[in-house]
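Asker: model the structure of this input:
(chains A and B)
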Number of protein chains: 2
Amino acid sequence: MPQASHVNRQILLASRPVGAPRPENFSLVENPVPEPGPGQMLLRALWMSLDPYMRGRMSDAKSYSDPVPVGGVMTCGAVCRVEKSNLDGYQTGDLVMSYTAGWQDYSISNGAMVFKQDPNMAHPSQALGVLGMPGFTGYMGLLDIGQPKAGETVVVAAATGPVGAVVGQVAKLKGCRVVGIAGGREKCEYAVRELGFDACLDHKQDSLAQELEQACPNGIDVYFENVGGKVFDAVMPLLNPHARVPVCGLIAQYNATSLPEGPDRLPQLMRLLLSQRIRMQAFIIFDNYGPHYPEFLKVMTPWVRDGKVKVKEDVVEGLENAPEAFMGLLEGKNFGKLVVKIAD
Amino acid sequence: MPQASHVNRQILLASRPVGAPRPENFSLVENPVPEPGPGQMLLRALWMSLDPYMRGRMSDAKSYSDPVPVGGVMTCGAVCRVEKSNLDGYQTGDLVMSYTAGWQDYSISNGAMVFKQDPNMAHPSQALGVLGMPGFTGYMGLLDIGQPKAGETVVVAAATGPVGAVVGQVAKLKGCRVVGIAGGREKCEYAVRELGFDACLDHKQDSLAQELEQACPNGIDVYFENVGGKVFDAVMPLLNPHARVPVCGLIAQYNATSLPEGPDRLPQLMRLLLSQRIRMQAFIIFDNYGPHYPEFLKVMTPWVRDGKVKVKEDVVEGLENAPEAFMGLLEGKNFGKLVVKIAD
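Answerer: Okay, the predicted model is just below:
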């Protein structure tokens, strides 16, 4: 679909999904490009991020953030170029990361949740992944809550996704044994061969629990929880005394419409926490760790530049393809950080 | 039952309980008083502690500590007098706290897990409660994991027990709103009137969930978990963003023989942790915090002496009554720290 420069294409939440999102939950509309008022600027989206947390925003269940209203623009962060600026400190042509851009070509910003980027950065889309929210999530959750020590075993699922890949690679840099879990042989091979994981297991195999036990002969000291569901079921019996479980996401549960059948294992989990003296702590990255973002960038930027942390992106072309790509993300169809290229 | 000084009465684990312990799970035997070898001492138990964790030791389910073998002496800590000593640093007549005394009149010790007490201490039995393992548990769990801030709301169950009473009173000293939960009107009145809790709710009332919501108009910031079961069910919907949940015990679950019926709420708990960014951390006091014991004593001893932290004991006379008292403890029949007086 060609896009005229005076048109702002927007993808709206047409209706709230029940279970997995479907195409009819989204609608594409065209509106005039808005004009920035005093103290505002107009941003042109170049690269848009698709992340699992957006499923939560489509639902009106109680969560840490307000839902997108039905009829509202879907929420996302994007790397943008400043088109027009009435805001001090920003000029036309500046490259910025805006966490409030939304699924649209153009957005108006007053500078809140906007971070200037190096205009010469080699890969601006990395601001959405390894150098942005997902990378920061993996880094802080692993190091601050996970507290990995050399020789310990760290397990992380969605191992080739932007959070899991950072968790595993940073844990390797800290001297840990790293076992990944991913969907399918190709991703598992990549995690071991390219990312340097010690092992990576395919969660599509029925034998996940046994394979995980074999891959973790000394148990699990840190389980970085970003998926939930049957991966966590396989992890639980292997958690060592004083294990740490940072919780940043539960993608396997996001489309659930009801609780699973019984028995009720909530008391079992509590008992496990107690008998193993486990620390389980959930966090939302900018909410818990916002002030640490500059120090994270200072460490991660050279790691990426020097190839100590490798990066894989799954690039989809065109805003109009965002809904399909997002639905695929929730099924694990992406391979690497999913980004949508909107404009040059 | 009169006790001859050359006889060591011992209470053994006769069989593992299924569900609630019953009298036939215990047996009382008489053996000769043992003789201490080189590097050992003979301890005479004066005050013996009964605590919920002992239920775990009667079971062979995986836990943080080995179970008592069937036919073995039941485990407990006791305040003891040194009767004979072949161990450097200990003399006949010394007052000690031994964490390995067991349910018996006499025990042999090599000094491990033994702490000397002030021979002039006014209430030696307090070494089993407010100044011992339970008090230390409440203090460290609340302050280190709970991190209570003035004005926050702290909820603790078993409010008149030795852990809950310390949690609540220390939280009050830190300027928190404290809501206790206890079994029966008498305990609730005591928690408010004597311990200074802002409110205390009777968990025997069906309306616990609604009453808790009313008693916590600003939600719950710290829930000190020592009971589990339906109290936790009532607490969960009220947990605030960034709430902390230290977990030290689950007495309401210890006698369970199977998991409750479904649905399976484990995913719901994970989702709650995530949406509210909750820290839930279990701990076993000497395992996690052993080196902090002296600093705890330095703070708590004057608080108790000056009446800032009040103490209530439930004293049972006679070793032979320990099994019945312990079975009652698991049903909440005690009022205050349960101790057994064995000898003067």
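
Asker: hey, let's count contacts and neighbours off CA atoms from now on
Answerer: OK.

Asker: tell me the residues on the stretch 1-150 of chain A that lie near chain B, please.
Answerer: With C-alpha under 8 Å from any C-alpha of the partner chain as the criterion, the stretch 1-150 of chain A meets chain B at residues A:62-64.

Asker: any low-confidence regions in the stretch 201-344 of chain A?
Answerer: Of all residues in the stretch 201-344 of chain A, none has pLDDT under 70.

Asker: ok, the closest residue to chain B within chain A to B:Glu261 distance?
Answerer: Across chain A, the shortest distance to chain B (C-alpha to the nearest C-alpha) belongs to A:Gly262, at 3.2 Å. Taking C-alpha to C-alpha, to the nearest Å as the measure, A:Gly262 falls 6 Å from B:Glu261.

Asker: and A:Phe232, by the same measure?
Answerer: Using C-alpha to C-alpha, we find A:Phe232 at a distance of 20 Å from B:Glu261.

Asker: the two: who's more crowded?
Answerer: Taking other C-alpha atoms under 10 Å in any protein chain shown, A:Phe232 and B:Glu261 do not tie; A:Phe232 has more neighbours (18 against 11).

Asker: residue with max distance from the center of chain A?
Answerer: Distance from the centre of chain A peaks at A:Pro38, with 33.7 Å (C-alpha atoms, centre = their mean).

Asker: residues in contact with it?
Answerer: A:Pro38 makes contact with A:86-87 under the criterion C-alpha atoms under 8 Å, 6 or more residues apart in numbering or on different chains.

Asker: quick one: neighbours of A:Asp206, just the number.
Answerer: Neighbourhood size, A:Asp206 [other C-alpha under 10 Å]: 9.

Asker: three-state assignment of it?
Answerer: Secondary structure state of A:Asp206, per DSSP: H, G, I helix; E, B strand; the rest coil, is coil.

Asker: repeat for the one 3 residues further on
Answerer: Put simply, A:Ala209 is helix when judged by three-state DSSP.

Asker: check contacts around it.
Answerer: Counting by C-alpha under 8 Å, 6+ apart, A:Ala209 touches A:234-235.

Asker: kindly report the same for A:Glu313.
Answerer: Taking C-alpha under 8 Å, 6+ apart, one finds A:335-339 in contact with A:Glu313.

Asker: what's the answer for A:Gln169, then?
Answerer: A:195-197, A:308-309.

Asker: what's the spacing between it and A:Val155?
Answerer: Going from A:Gln169 to A:Val155 by C-alpha to C-alpha gives 11 Å.

Asker: follow-up on the earlier one: inside helices: which ones of the residues of the stretch 1-150 of chain A next to chain B?
Answerer: Nothing among these maps onto helices, per DSSP state H.

Asker: which among those end up buried?
Answerer: Among the residues of the stretch 1-150 of chain A next to chain B, the ones that count as buried by 16 or more other C-alpha atoms under 10 Å in any protein chain shown are A:63-64.

Asker: circling back to that earlier point, A:Ile108 versus the residue farthest from the centre of chain A, what's the distance?
Answerer: With C-alpha to C-alpha as the criterion, A:Pro38 and A:Ile108 are 11 Å apart.

Asker: ok, now A:Asp287?
Answerer: From A:Asp287 to A:Ile108 the distance is 23 Å (C-alpha to C-alpha).

Asker: tell me which of the two has more neighbours.
Answerer: Neighbour count, other C-alpha under 10 Å: between A:Asp287 and A:Ile108, A:Ile108 has more, with 20 against 11.

Asker: could you give the bridge partners of the more buried one?
Answerer: Beta bridges link A:Ile108 to A:Leu42, judged by DSSP bridges.

Asker: residues in contact with it?
Answerer: Residues near A:Ile108 by C-alpha under 8 Å, 6+ apart: A:34-36, A:40-43, A:101.

Asker: how does it look with 10 Å?
Answerer: A:33-37, A:40-44, A:82, A:84-85, A:100-101 (C-alpha atoms under 10 Å, 6 or more residues apart in numbering or on different chains).

Asker: most neighbours, which of those residues?
Answerer: Highest neighbour count within the contacts of A:Ile108: A:Leu43, with 29 neighbours (other C-alpha under 10 Å).

Asker: any idea how far A:Pro52 is from that residue?
Answerer: Per C-alpha to C-alpha, A:Leu43 is found 24 Å from A:Pro52.

Asker: what's the answer for A:Met121, then?
Answerer: For A:Met121, the distance to A:Pro52 - C-alpha to C-alpha - is 26 Å.

Asker: tell me which of those two has more neighbours.
Answerer: A direct count of neighbours by other C-alpha under 10 Å for A:Met121 and A:Pro52 places A:Pro52 higher, at 18 against 11.

Asker: three-state assignment of A:Val166?
Answerer: Here A:Val166 is helix, with the state taken from three-state DSSP.

Asker: wait, what's in contact with it?
Answerer: A:Val166 is in contact with A:129-131, A:134-139, A:142, A:156, A:159-160, A:172, A:195, A:300, A:309-311, counting by C-alpha under 10 Å, 6+ apart.

Asker: could you do A:Ala325 as well?
Answerer: If you count contacts by C-alpha under 10 Å, 6+ apart, A:Ala325 has them with A:50, A:314-317, A:319, A:331, A:333-334, A:338-340.

Asker: now those: which count as buried?
Answerer: Listed as buried from the contacts of A:Ala325 are A:50, A:315-316, A:319, A:334, A:338-340; burial here means 16+ other C-alpha under 10 Å.

Asker: nearest spatial neighbour of A:Leu87, skipping sequence neighbours?
Answerer: Of all residues not flanking A:Leu87 in the chain, A:Gly39 sits nearest, at 4.4 Å (C-alpha to C-alpha, 6 or more residues apart in numbering or on different chains).

Asker: returning to what we had before: nearest to A:Asn226 among the contacts of A:Ala325?
Answerer: A:Glu331 (14.0 Å; C-alpha to C-alpha).

Asker: correct me if wrong: the closest one contacts A:Val227.
Answerer: No. Applying C-alpha atoms under 10 Å, one finds A:Glu331 not in contact with A:Val227, separated by 11.5 Å.

Asker: overlap of the contact sets of these two?
Answerer: With C-alpha under 10 Å, 6+ apart as the test, A:Glu331 and A:Val227 both reach A:251-252.

Asker: surely A:Pro241 touches A:Ile278?
Answerer: Yes. Counting by C-alpha under 10 Å, A:Ile278 is a contact partner of A:Pro241 at 6.7 Å.

Asker: which one of the two has more residues nearby?
Answerer: Set A:Pro241 next to A:Ile278 and count neighbours by other C-alpha under 10 Å: A:Ile278 wins out with 24 against 20.

Asker: for the more buried one, grab phi and psi.
Answerer: phi -90, psi 140 (degrees, to the nearest 10).

Asker: isn't it right up against A:Leu238?
Answerer: No. If you go by C-alpha under 10 Å, A:Ile278 and A:Leu238 don't touch, sitting 11.9 Å apart.

Asker: intersection of neighbour lists for the two?
Answerer: With C-alpha under 10 Å, 6+ apart, A:Ile278 and A:Leu238 have common neighbours A:Asp221.

Asker: pull out the buried residues from the contacts of A:Gln169.
Answerer: Neighbour counting over the contacts of A:Gln169 (16+ other C-alpha under 10 Å) leaves A:195-197, A:309 as the buried ones.

Asker: which of those residues are close to chain B?
Answerer: Among those, not one lies near chain B by C-alpha under 10 Å from any C-alpha of the partner chain.

Asker: possible to save these as a markdown table with secondary structure and distance to B:Gln147?
Answerer: Converted to a markdown table, these look like this (DSSP: H, G, I helix; E, B strand; the rest coil; distance: C-alpha to C-alpha, whole Å):
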| residue | secondary structure | distance to B:Gln147 |
| --- | --- | --- |
| A:Leu195 | coil | 38 |
| A:Gly196 | coil | 38 |
| A:Phe197 | coil | 36 |
| A:Val309 | coil | 35 |
